[in-house]
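Asker: Okay, sequence plus prediction incoming.
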Amino acid sequence: MPPTPVPPAAESRGLQLVSRSTYLKELALKNLFLVCACVAVAGVALIFAFVGLRGWPIFATVGPWSFLTGTEWNPTGAEYGILPLIYGSVVVMLGALVIGTPLAVGTAIFLSEIATPRVRSIVRPAVELLAGIPSVIYGFFGLIILRPIVANFTDGLGFGAVTAWFILAIMIVPTIAAISEDALRSIPPGIREASYAMGATTWQTIYKVLVPAAKIGIIDAIILGMGRAIGETMAVLMVVGNAPVFPESISEPIATLTTQIVMDMPYAAGDHRTALFGMAIILFLVSMGLVALVRLISRFQTAMESGR
């Protein structure tokens, strides 16, 4: 077959496939995106450097072990033990996960596998709206509505871990539900069809096939929910009672790392202020650890899939 003749106009332009202006635009966009990525990394690095420089002296003054395991938080007496605050943060986070995780995963399963398109169009925006409500509104709801209910059941004031559990459980639902739904929807349709072809019911397909297949994504969602719960401040501040002690029961006032920072920062000075920055370092490291754990789980999933 004879070659197609090249038009004279194209011959004179040298068959230039990409114009110089297009090349320059693409280069400019590439550099712009690189700058955006560098700004994000630099922002994290600068925040960590700022918090680290302000908080590191407390570890030299008090000692890392005494700071982390001390049982007395009394800045006026130069006692900077944050173990009760760590305990409060962990208790509040775990209780919220116990209540919120089944609710969020159940919502994800309903939206992904059960709900009709009409129902889904109503439920999904409602769940997403939960993520947009300011945390102080959740705090008002807990303070005015939930606290009296808890007080009636516990014969106390209603401030404490129990009230915070219910508030945080609602707050972490959008995060866990959205990621869990994406994990369920990413399962190939053939897996569902194979399960139904073997005579399994919808419920059997969900809890014996789909949930195990999406478990890595659901675990990622739960870990991110942990970060959301442990980092929440305003809503927790309004309902926990803010007592930096070990409570005798879950219905008594407690304090968390975030709430203590907010409570003390306006008037803190000297070692007291440095200790608050030290608590911020602990929170930063916890957040980094949770994100790293999610990355490791994702890489493990990728390695497992590639090894099949």
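Answerer: It's in.

Asker: residue ranges of the strands in the stretch 1-150 of the chain, please?
Answerer: In the stretch 1-150 of the chain, the segments counted as strands under DSSP state E, counting those that start in this stretch are 73-74, 79-80.

Asker: quick one: which of those strands is nearest P244?
Answerer: Between P244 and these, the shortest gap by Cβ to Cβ is with strand 73-74, which sits at 4.0 Å. For the C-beta atoms, the positions are set from N, CA and C on the backbone; glycine is no exception.

Asker: Direction included, what does the closest one pair against?
Answerer: Using DSSP bridges, the strands paired with strand 73-74 in its sheet are strand 79-80 (antiparallel).

Asker: Please identify which of the strands of the stretch 1-150 of the chain is closest to A229.
Answerer: Between A229 and those, the shortest gap by Cβ to Cβ is with strand 73-74, which sits at 21.4 Å.

Asker: Next one: the closest residue to R120 other than its chain neighbours from P117, what distance?
Answerer: Across the structure, with Cβ to Cβ, 6 or more residues apart in numbering as the measure, the residue nearest R120 apart from its sequence neighbours is L111 (5.6 Å). As for L111, its distance to P117 is 11 Å (criterion: Cβ to Cβ, to the nearest Å).

Asker: what about G160, how many residues close to it?
Answerer: Other residues near G160 come to 27 when the count uses other Cβ atoms under 10 Å.

Asker: related to what we said a few turns ago, among L111 and P117, which residue is more densely surrounded?
Answerer: Shown here are L111 and P117; by other Cβ under 10 Å, L111 has more neighbours (20 against 6).

Asker: Isn't the more buried one up against D182?
Answerer: No - with the criterion set as Cβ atoms under 8 Å, L111 and D182 do not qualify as a contacting pair; they are 10.5 Å apart.

Asker: Show me where the stretch 201-308 of the chain has its strands.
Answerer: Secondary structure of the stretch 201-308 of the chain by DSSP E, counting those that start in this stretch: no strands are present.

Asker: in it, which spans are helices?
Answerer: Assigned by DSSP state H, counting those that start in this stretch, the helices in the stretch 201-308 of the chain fall at 202-205, 211-213, 215-231, 234-237, 257-264, 271-306.

Asker: closest one to L97 among those?
Answerer: When the helices of the stretch 201-308 of the chain are compared by Cβ to Cβ, helix 215-231 sits nearest L97, at 6.4 Å.
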